[in-house]
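S.K.: sequence? don't have it. structure:
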């Protein structure tokens, strides 16, 4: 008879070995002495981001206005992300209407807090949140991304390996815990993306799920569901948009994020099992948020949308499912889906998004089709943000 294996020891051994291998993989991709940097963007990409002609950027450069691009072989011009922001500030000064190049908050515009949720793993939730946060940053918004998932995939995409980089905390749990919370600014990290800051995640976040029932029993502190909203108020003036990537379950963390939100984005993979799972998730969400609302939680949202993810246009059953969702939820389903693409998944292997990778690594058509789909989805969401501020779009 074979000796029995202690599962805790076995899993611990596997975790340690995997962590070591992941660390080696990261050092191979990004050596410790090499600070992770975002690539430079071609003048054509920058012109698209700014909504101007490439020739106009060339004219500005010749006239000595704005940042000077790096010129490479064939006269191709490249700008850093900081250069793009400098161009935005320069062009905004001469813009006919305010916000043309710096589209963030003005006057009494409220902070937009977009909570990205799904009950089922594999729905593309983190990928959607990461691409949204990065595109908004590239578009000139001041963005804070918060990783609320103990599995910390959003953090990994931005170069943070939690068990190595956050041995002594550094998640939002430090600011929302019931004993001795720290100011939120202490856990915010700058990223290599201009305009994008990050609060990473790790296993510490699970402590909130364990500590909250005890706090409820003792009736100590504020309501649990106000805690994320309360700490966001500390940094509200620093950002235009907050994007929160929630864990794939409806616990106290997710409910607190939903209570802090001004908008909700639900990712859906258009398969029958996923939609059935979402049905259960929506029922649970409704019941629990009803309790929170009765206790005084703010349940007023600017908008809620379903975004179809990992969509394969040639798949008949998927098309039927998308049609079904549109017939059920109407305008609450975004017009554009996120396509399933090898470009997005291949970029993820090197812990990057499509906005970070060099497009030369992919077949041009594959890259452009995936990028067009992401830009269309993020453009729709940007329209909803602007509409919430009483401007164009929506």
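M.R.: Yes, it's here. The structure presented is a predicted model; accordingly, all values stated were derived computationally and were not measured.
S.K.: so where is the stretch 101-250 of the chain shaky, pLDDT-wise?
M.R.: 120-122, 219-222 (pLDDT under 70).
S.K.: how about the strands in it?
M.R.: 112-117, 143-147, 189-190, 196-199, 241-245 (DSSP state E, counting those that start in this stretch).
S.K.: and of those, who's closest to residue 362?
M.R.: Nearest to residue 362 among the strands of the stretch 101-250 of the chain is strand 196-199; the distance by Cβ to Cβ comes to 23.1 Å. All C-beta spots, glycine's among them, are computed from the backbone N, C-alpha and C.
S.K.: who does the closest one touch, helix- and strand-wise?
M.R.: helix 125-138, strand 143-147, strand 189-190 (3 or more Cβ pairs under 8 Å, 6 or more residues apart in numbering; DSSP states H and E).
S.K.: deepest-packed of these, please.
M.R.: strand 143-147 (a mean of 28; mean count of other Cβ atoms under 10 Å).
S.K.: that one pairs with which strands?
M.R.: The pairing partners recorded for strand 143-147 under DSSP bridges are strand 196-199 (parallel), strand 241-245 (parallel).
S.K.: what angle do strand 112-117 and it make with each other?
M.R.: 30 degrees (axes from the mean of the first three to the mean of the last three Cα atoms, to 10 degrees).
S.K.: got the strands of the stretch 101-250 of the chain as TSV, with distance to residue 312 columns?
M.R.: TSV is the format used below for the strands of the stretch 101-250 of the chain (distance: least, Cβ to Cβ, whole Å):
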stretch	distance to residue 312
strand 112-117	21
strand 143-147	28
strand 189-190	36
strand 196-199	30
strand 241-245	24
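S.K.: and of these, who's closest to residue 388?
M.R.: Here strand 112-117 is closest among those (Cβ to Cβ), at 6.3 Å.
S.K.: measure stretch 153-166 end to end?
M.R.: 14 Å (Cα to Cα, to the nearest Å).
S.K.: buried residues in it?
M.R.: Residues of stretch 153-166 classed as buried: 153, 154, 155, 156, 157, 158, 159, 160, 161, 162, 166 (neighbour count, 16 or more other Cβ atoms under 10 Å).
S.K.: list of residues touching it?
M.R.: The contact list for stretch 153-166 (Cβ atoms under 8 Å, 6 or more residues apart in numbering) reads 19, 22-23, 26, 30, 36, 126, 129-130, 145, 147, 152, 189, 191-193, 198, 200-204, 245, 348, 351-353.
S.K.: in terms of contact, does residue 79 touch residue 72 like I think?
M.R.: No - in this structure, residue 79 is not within contact of residue 72 by Cβ atoms under 8 Å, at 11.8 Å.
S.K.: which of the two has more residues huddled nearby?
M.R.: residue 79 (25 against 11; other Cβ atoms under 10 Å).
S.K.: the longest helix anywhere in the chain to strand 241-245, inter-axis angle?
M.R.: In the chain, ranked by residue count with DSSP state H as the criterion, the top helix is helix 364-388. If you take the same axes, to 10 degrees, helix 364-388 sits at 120 degrees to strand 241-245.
S.K.: check which helices and strands helix 364-388 sits against.
M.R.: On a contact count with 3+ Cβ pairs under 8 Å, 6+ apart, helix 364-388 meets strand 112-117, helix 125-138, strand 263-268, strand 303-308, helix 342-349.
S.K.: find the residue at the geometric middle of the protein.
M.R.: residue 129 (2.8 Å; Cα atoms, centre = their mean).
S.K.: who are the neighbours in contact with that one?
M.R.: Counted by Cβ under 8 Å, 6+ apart, residue 129 has contacts 116, 145, 154, 243, 244, 245.
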